[in-house]
Structures are given as C-alpha cells and as structure tokens.
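Asker: Fold the following.
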Amino acid sequence: MERALSAPGKLFVSGEYAVLWGGVARVAAVAPRTAALVRRRTDARVHVCLEEGTLKGSATPKGVRWDGEVPAGFAFVARTLDEALRAHGRQSVGFELAVAPSAVGPGGLKLGMGGSACATVLAADAARFILEDRFDTLRLALVAHAAGQGGKGSGGDVAASFAGGVLRYRRYEVAPLIAASSAGGFRAALMESAPVDVWRLPPPKVALAYAFTGESASTRVLISQVEARLDEAARQAFVARSDEVGHEIEIGLSGGDFRAFKDAVTAQQALLQELGPTETEAMRRILAIGASYGCAGKQSGAGGGDGCILFAPNAETRAELMKGLEARGFHSMTLEVEPGLRGEGQADARLRAWLDAHR
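Answerer: Numbers count the residues shown, from 1 in each chain. This next block holds a predicted model:
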C-alpha cells in the first residue's frame, strides 16, 4: 500500500506580519511542487528518507519513538508524524516516507517559498493515508508547523500548500491544540476545533513572477525582532492599514486598473518598511527594475532576504521584465497559480529508490 503526493510552495501577496496579529493575508500557491511517497510497512517501524539521509523510529500512540536525536533537517516532518500518531491515538502499523528537497536557487540557497510548510502538509496527509484516519490534514499540519517554530508563524504557507490557488487567510489559533497534544486528548480537540478561516479567490488576471535576491533569511528571527519593537496598539494600527491595502490588492488581482493595483502593491511594501529594516539592497534593486518596466512588486514574506513577487499587466511585459532581471544577475521565474495538495498517478523514481534502499 503506497501513495505518491505533491504539494506547491507559496508566496505572500499581501498581509505578511499583519496576519500574525489578527489581520488578513493573501497567499498564492505556486510551483515548483514538492513530491512525496509513502509506503505501509508490515511492522511498526517508521522510516523518513530525505536528501540528507534517513531517520528511523517506531510508531506508538504517543508519537514516533525515534532511534536517536532528530536532526534539524528532519524536524518538521518528524514533528508532523508525531502529531499524526497522537491524533490517531492507538497502536498502528509503521510506514516509510520519502520527501523530495525544496526548490533551491543559485548556490543551493533556498528560494523562500515555504519548503518546511510544504513538507509538513505532505507528511500530515501521508500519515493520514497510511493510518486510514479521518483527522483534518490542514489543521494537523498547522499545529505541527507552528509547534516546530515555537508557536511562531501565521500558517499562511501551510494553508497555501494544502488548498492551492490564491487564498484569503486569517491566522488559525493553534495554542489550545498544541496544549492538548502535550497533555492528552489531542484527537478530540482536533476533531472539535473550529474550521480554518481560508477562502480561495478567483485566478489572478495579472501575470506573476518571482525574483530571488541571492540570500536567505530567517523568518523566525525577523518576526521576533519586529514584535519586540511594536506594542499591541501599534500592531493593531498596522493591521488596520494592511487590511485596507490588502483589500485593494485583492480587487486588483482580478484585472482592471493596473495603475491602481500597482499603487496598492507599492503602498503595501512601504507599509512593511515601517516595521523596520526588512528590505535589503537586493530587494530595492529588484523592485526598481520592476518599476522601470511598468510592473508592480513587493517583498514576499518576512523580508531580510529571499525574494520579491512581481506583477505585470500581461505576459509580454513579464517576459521583458524577466530578461531585464536576468541581465542584471537576478535569478527569476515565471509563476502560475498551482492546485493544492494532491495524489499523483506516478511516484518520483528518486523517492522510490530512497525507500527501496532502506527496507
């Protein structure tokens, strides 16, 4: 019994930071997709195969009893499998899970497109399939991903990888579920928890692209720095302004007045800069290049590195923009909105080889 899966990455269109404090984010699910393959075992052993190696343990109703310390590269997948087994709540068969690495840019740096969230979603649904359980994959993935970050993060990246499309999303409250996972009663708490506040928007009518700055950033560190600078009143004032601009961006994604849409995107970027130095010199260069082609752009996510999401009025303008970016040394890629988590008819041969090597 096996299943091949894939899920997309994500980019924030609007509302990063605001979504942490009760505001609304718009998030796009984008390629490249990440593949996974899960296979049932006849014993209770659990094998997790990643590019960096294999982690082994045994399935128990309280999580996986890992054979040794969990390396950092396995942390999110391992935590997700622990949560899935706790949600299952009874002894089960084991399984083997292989997850492909997330996309990287020049120099092997991660592109900042939600690799950990994508892997978490894949692990949650892979475990649900093998366990033949009915827990909600999205809620469990939100719990696992937040717990893996010490409670930080909005979950918007998790929602995008799961649901696909362009989403309007409000942060899901996971603290009671994390507490229930530690104290017992996780299955009941998960089943009785409120639905996730997520809404899929119509496909965008503007052309999308992404440009990588050539440097990676730590979202957790940036969030901590920003939150240390703002009291509750300042956060709520920021949320109100961000939600207003985000609404204008959402309207503009559907087409119409591109100039007004560009103004809204520019306003969102300016608002983010009020939080502190989240924009790097490379970001400023990318956004200036975008503006010179008549395009709109902003940082996607916490800032401090990673990249910028860019919007062109049509595909022809986007093609010219990308030529300009590449000529100036920036790695760029066209974006198309992707469907969310899905089963695949054929497994990635590399993942199958990883599993076969550790049977």
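
Asker: show me the contacts for the closest residue to residue 38 other than its chain neighbours.
Answerer: In this structure, residue 38 finds its nearest non-sequential neighbour in residue 126, 3.7 Å apart by C-beta to C-beta, 6 or more residues apart in numbering. In this view, the C-beta of every residue, glycine as well, is placed from N, C-alpha and C. Going by C-beta atoms under 8 Å, 6 or more residues apart in numbering, residue 126 touches 3, 5, 36, 38, 95, 97.

Asker: can you tell me which two in these are farthest apart?
Answerer: Using C-beta to C-beta, the contacts of residue 126 span at most 12.8 Å, a distance reached by 5 and 95.

Asker: separation between residue 292 and residue 324?
Answerer: To residue 324, residue 292 is 7 Å away according to C-beta to C-beta, to the nearest Å.

Asker: my bad, residue 272
Answerer: 24 Å.

Asker: Which one of these two is surrounded by more residues?
Answerer: Using other C-beta atoms under 10 Å, the more surrounded residue of residue 272 and residue 324 is residue 272, with 23 against 16.

Asker: So what's the gap between the strand or helix carrying the more buried one and the chain middle?
Answerer: Taking DSSP states H and E as the definition, residue 272 sits inside helix 258-273. Its chain's C-alpha centre and that of helix 258-273 lie 23 Å apart, by C-alpha atoms, centre = their mean, to the nearest Å.

Asker: which residues are contacting the following helix or strand past it?
Answerer: Under the assignment DSSP H and E, the closest C-terminal helix or strand after helix 258-273 is helix 281-292. Identification of contacts with helix 281-292 by C-beta under 8 Å, 6+ apart yields 211, 213-215, 269, 296-299, 303, 307-308, 310, 321, 324-325, 328, 330.

Asker: In strands, which of those residues fall?
Answerer: Among those, DSSP state E puts 211, 296-299, 307-308, 310 in strands.

Asker: And residue 187, how far from residue 358?
Answerer: 30 Å.

Asker: if you count what's nearby, which of the two comes out ahead?
Answerer: Neighbour totals were compared for residue 187 and residue 358, and residue 187 leads with 18 against 14 (other C-beta under 10 Å).

Asker: element containing the more buried one?
Answerer: Assigned by DSSP H and E, residue 187 falls in helix 186-192.

Asker: quick one: average confidence on that helix?
Answerer: Average pLDDT, helix 186-192: 95.

Asker: With only the CA atoms kept, save that helix in PDB.
Answerer: Output in PDB follows, covering the C-alpha atoms of helix 186-192 (Å, rounded to 0.1, in the frame of the first residue of the first chain):
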ATOM      1  CA  PHE A 186      -5.400  15.700  21.100                       C
ATOM      2  CA  ARG A 187      -7.700  13.600  18.800                       C
ATOM      3  CA  ALA A 188     -10.900  15.000  20.400                       C
ATOM      4  CA  ALA A 189      -9.600  18.600  20.500                       C
ATOM      5  CA  LEU A 190      -8.600  18.300  16.800                       C
ATOM      6  CA  MET A 191     -11.900  16.900  15.700                       C
ATOM      7  CA  GLU A 192     -13.900  19.500  17.700                       C
END
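
Asker: Give me the contact list for it.
Answerer: 83, 86-89, 135-136, 139-140, 143, 176-177, 180-181.

Asker: go on, stretch 42-57?
Answerer: If you take C-beta under 8 Å, 6+ apart as the criterion, stretch 42-57 is touched by 41, 58-60, 64-67, 70-71, 73-74, 77-78, 81, 91-101, 351, 354-355, 357-358.

Asker: buried residues in the least confident helix or strand in the chain by mean pLDDT?
Answerer: Using mean pLDDT, DSSP states H and E, the weakest-scoring helix or strand in the chain turns out to be helix 219-229, at a mean of 77. Neighbour-count burial for helix 219-229 flags 219, 222-223, 225-226 (criterion: 16 or more other C-beta atoms under 10 Å).
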